[in-house]
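1. okay, structure incoming, though there's no sequence with it:
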């Protein structure tokens, strides 16, 4: 059993089993720590020729990490914008809708035509700005009078005789 056990320091090997019982027993954790005290975690010893790495400058760090990130972000934004714009154009074409600029151009052309017609009419006719606008009551009165004039007894009789209805 002693052969399979880990090597003990020479002072502990020289003591007799009776003395070991009188000395305080070491815990397994302390024995493990003693045994692997001088072993490095990666198994390599530090090289005296190797110098510690210098920290990269801020510009170098930006070129290595920040610039690709910015290029990726801007490129992704451009690609998404163009994709969504293309999708919307295709949807509008399939539905027969027109873009705002085309609609605005059409409205502007229509407005120009209308203004030309109004200007022609104003030039040919005398425009009186002082002419009074009829009130709704006056319009109703005028219509009632027209109806009464149309339905006078002799006009009505003539229409009945000539079969004009």
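-> Structure's in. What do you need? Here the structure is a predicted model, which is why all the values come from computation and not from measurement.

2. which of the residues in the lengthiest helix in the chain are buried?
-> Counting residues, the longest helix found in the chain (DSSP state H) is helix 67-95. The neighbour-count check on helix 67-95 (16 or more other Cβ atoms under 10 Å) flags nothing as buried. All C-beta spots, glycine's among them, are computed from the backbone N, C-alpha and C.

3. over the very next helix or strand once past that helix, what's the mean pLDDT, rounded is fine.
-> Using DSSP states H and E, the next helix or strand after helix 67-95 towards the C-terminus is helix 100-124. For helix 100-124, mean pLDDT is 89.

4. and if you look at stretch 132-143?
-> For stretch 132-143, mean pLDDT is 92.

5. quick one: contacts of that stretch?
-> Stretch 132-143 has contacts (Cβ atoms under 8 Å, 6 or more residues apart in numbering) with no other residue.

6. next, the residue nearest to residue 164 when sequence neighbours are not counted: phi, psi?
-> Of all residues not flanking residue 164 in the chain, residue 158 sits nearest, at 7.9 Å (Cβ to Cβ, 6 or more residues apart in numbering). Main-chain dihedrals, residue 158, degrees, to the nearest 10: phi -60, psi -40.

7. neighbours around residue 158, how many?
-> By the criterion of other Cβ atoms under 10 Å, residue 158 has 11 neighbours.

8. same check on residue 150?
-> Neighbours of residue 150 under the rule other Cβ under 10 Å: 10.

9. distance check, it against residue 140.
-> Counting by Cβ to Cβ, to the nearest Å, the gap between residue 150 and residue 140 amounts to 16 Å.

10. cool, and residue 107?
-> Residue 107 is 36 Å from residue 140, by Cβ to Cβ.
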